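Chemist: My questions are about this predicted structure, shown below with the sequence.
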Amino acid sequence: MLLDKNHRKRLLNDTYVYLLNGLYAVIAFLPPPLRWLCFKLLLGRMGRGVHFDYRVYFKYPWLVEIGSNVSINRGVEFYPGVFGGRARIIIGDGVRIAPNVRFHAAGHNPAYADLRDVSAGIHVEDGAWIGAGATILQGVRIGRNAVVAAGAVVTKDVPAGVIAGGVPAKEIGRRKPA
């Protein structure tokens, strides 16, 4: 029995995710220096002084770039563009990412019955802080030293120095200079 294009695509994705989860199960048992080394080898780019807590997940790690002195807390998930796509997730220097944050650079276009894949990169600039449980959607840029409040859903750019919160996220304040 021949599989149509959608079934082949799903089978390929299921196989990839199965193998990837097996790799992450092994990485989870490694001490921090070895986990760091594994992520260094898997990611598109990674700077110095990056801290990874446990249960950090990258769907397509080669499409994720992380700057220096970044803290990525427990349960953070990165979903860059679709397989073979170009939509990257770029995290600048000195960024702090709280637990259970999700980055979704890919999704589906609900205007079409077949829910076509769409993707656009996400860029988090230097010094930003993303609060616990926030969701960052495709095509968003979070400006330098901006803050995304816990639980926010970011659908549009957050300018530099702005504190954004809510669903969808909007400006709720501004950071004071150091």
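Modeler: Cool, got the structure. Numbering: from 1, shown residues only.

Chemist: Model confidence at Phe83, what's the number?
Modeler: Confidence at Phe83, expressed as pLDDT, is 64.

Chemist: quick one: low-confidence ranges for the chain?
Modeler: For the chain, applying pLDDT under 70 flags the ranges 1, 83-84.

Chemist: What segments of it are helices?
Modeler: Here the chain has its helices, by DSSP state H, at 5-28, 32-42.

Chemist: Can you tell me which of those helices is most buried?
Modeler: Most buried of these by mean neighbour count (mean count of other CB atoms under 10 Å) is helix 32-42; its value is a mean of 14. C-betas here are computed from N, CA, C, even on glycine.

Chemist: Show me what that one packs onto, helices and strands only.
Modeler: Under the contact definition 3 or more CB pairs under 8 Å, 6 or more residues apart in numbering; DSSP states H and E, helix 32-42 sits against helix 5-28, strand 51-52.

Chemist: if we can go back for a sec, quick one: which of the helices of the chain is nearest Pro177?
Modeler: helix 32-42 (32.9 Å; CB to CB).

Chemist: want to throw the helices of the chain into a markdown table with distance to Ile136?
Modeler: Formatted as a markdown table, the helices of the chain follow (distance: least, CB to CB, whole Å):
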| stretch | distance to Ile136 |
| --- | --- |
| helix 5-28 | 21 |
| helix 32-42 | 19 |
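
Chemist: of those, which approaches Ser119 most closely?
Modeler: Closest among the helices of the chain, using CB to CB: helix 5-28, at 14.5 Å.

Chemist: Just want the angle from that closest one to helix 32-42.
Modeler: 150 degrees (axes from the mean of the first three to the mean of the last three CA atoms, to 10 degrees).

Chemist: hmm, back to that, so which of the helices of the chain comes closest to Trp129?
Modeler: The nearest among the helices of the chain, by CB to CB, is helix 32-42 at 20.8 Å.
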